[in-house]
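> quick one: sequence and predicted model below, then my questions.
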Amino acid sequence: MSEHFGTLSDGTPVHRWTLERAGVRVRVLSYGGIVQSVEVPDREGRPADVVLGFADLDGYLAHPEPYLGALVGRYANRIAHARFTLDGVTYPLAPNNAPNSLHGGERGFDKRVWDVEPVAHGLRLRRVSPDGEEGFPGRLEVTATYTLDASGALGFAYEAVTDAPTPVNLTNHSYFNLAGAGHAGGHELRLAASRYTPVDADLVPTGVAEVAGTRFDFRTARKTGSGYDHNFVLDKGVTETPVEVAELHDPGSGRVLTVATTEPGIQVYTADHLGEPFAPGDGIALETQHFPDSPNRPEFPATVLRPGQVYRSETVYGFSTR
């Protein structure tokens, strides 16, 4: 089911789609592929929206930087010094997170209107990113399929093809608050990650380090608190099918979120710099991804897509209570 959600300044209409299955209701916008809301019950059966979002289109246009619920690309996370070299050619990007490029640049996938069509228990979103968009080479054809399975788990399956070599790294940027409101620092997080990528002052990775003996050790569930905007190196690496790598639990409501993915990394962001109308720490982003700055780091898992190849990535967010 779709409905009109608003109109951009150039006259482009934006629509909202509603998916509902197994007691879970999800609303998705054609603008930015945004997941506006996810309503799930608590242990008493009472529903609440567990992702941060705005009630109208103006909210997203006025506050774009948090990337609330958005489909992020062409490259999620940071590319250092807003440039990369590929096959001997250096490509400058927009330094929208100076001095780095963040989440695809000034007008990444989160600020584009996608073509949306219904599929069985879900939606298929499509757009073509033209050669040179935000500085990235190659014409990239992208398909993102959002589904609700029989248990109410929300799945994201991405595919892309290109006519020239280009980095690709797509993710969903939802901020979760399993309590439905308030500070999320009391949520308990468990990660199947024995390593992480430390960062410099500009939040660009400096290498890979062990989590043992540090505040980055979430191998046993504990409260998230605050002060995290880091990529965790998942023990499983890249996989063909999604493998469970994370669990987030809100003791008060009993809600549990599990994350399964094919990706080798997950960015944990405790939203310490979330701006109005939200307060710092109101949500936790768990962004499945390849590592930040991979186009400049040959020792990281590769993110370059070449003609004839198909980029594939899949992540599933499951909901339950205990």
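Looks like it arrived, so ask away.

> all strands for the stretch 1-150 of the chain, in order.
Using DSSP state E, counting those that start in this stretch, the strands of the stretch 1-150 of the chain run over 2-7, 13-21, 24-29, 35-41, 47-49, 71-72, 78-79, 83-86, 89-92, 101-102, 115-119, 122-129, 140-148.

> mind putting the ones you listed into CSV with mean neighbour count and mean pLDDT?
C-beta here means a position set from N, CA and C on the backbone, and glycine is covered the same way. Shown next, in CSV, are the strands of the stretch 1-150 of the chain (neighbours: other Cβ atoms under 10 Å; pLDDT from 0 to 100):
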stretch, mean neighbour count, mean pLDDT
strand 2-7, 13, 97
strand 13-21, 17, 98
strand 24-29, 23, 98
strand 35-41, 23, 98
strand 47-49, 15, 98
strand 71-72, 26, 98
strand 78-79, 26, 98
strand 83-86, 17, 98
strand 89-92, 12, 98
strand 101-102, 26, 98
strand 115-119, 13, 98
strand 122-129, 19, 98
strand 140-148, 20, 98
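
> can I get these in JSON lines with distance to residue 320?
Formatted as JSON lines, the strands of the stretch 1-150 of the chain follow (distance: least, Cβ to Cβ, whole Å):
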{"stretch": "strand 2-7", "distance to residue 320": "29"}
{"stretch": "strand 13-21", "distance to residue 320": "14"}
{"stretch": "strand 24-29", "distance to residue 320": "11"}
{"stretch": "strand 35-41", "distance to residue 320": "9"}
{"stretch": "strand 47-49", "distance to residue 320": "14"}
{"stretch": "strand 71-72", "distance to residue 320": "25"}
{"stretch": "strand 78-79", "distance to residue 320": "33"}
{"stretch": "strand 83-86", "distance to residue 320": "40"}
{"stretch": "strand 89-92", "distance to residue 320": "43"}
{"stretch": "strand 101-102", "distance to residue 320": "33"}
{"stretch": "strand 115-119", "distance to residue 320": "25"}
{"stretch": "strand 122-129", "distance to residue 320": "20"}
{"stretch": "strand 140-148", "distance to residue 320": "14"}
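
> among the ones you listed, which comes closest to residue 173?
With respect to residue 173, and counting by Cβ to Cβ, the nearest of the strands of the stretch 1-150 of the chain is strand 71-72 at 5.0 Å.

> ok, and what's touching that closest one?
32-34, 103-104, 108-110, 114, 125, 144, 170-173, 287 (Cβ atoms under 8 Å, 6 or more residues apart in numbering).

> among the residues you listed, which two are most distant?
114 and 287 (18.8 Å).

> just give me the longest strand of this structure.
strand 311-321 (DSSP state E).

> list the contacts of that strand.
For strand 311-321, the external contacting residues (Cβ under 8 Å, 6+ apart) are 24, 38, 40-43, 50, 149, 151-162, 168, 170-172, 174, 241-242, 253-263, 288, 305.

> can you tell me which of those residues are buried?
24, 38, 40-42, 50, 152-162, 168, 170-172, 174, 242, 253, 255-263, 288, 305 (16 or more other Cβ atoms under 10 Å).

> quick one, phi/psi of the residue nearest to the spatial centre of the chain?
Centroid-nearest residue in the chain: residue 172, 2.5 Å away (criterion: Cα atoms, centre = their mean). Per-residue torsions, residue 172: phi -100, psi 140 (degrees, to the nearest 10).
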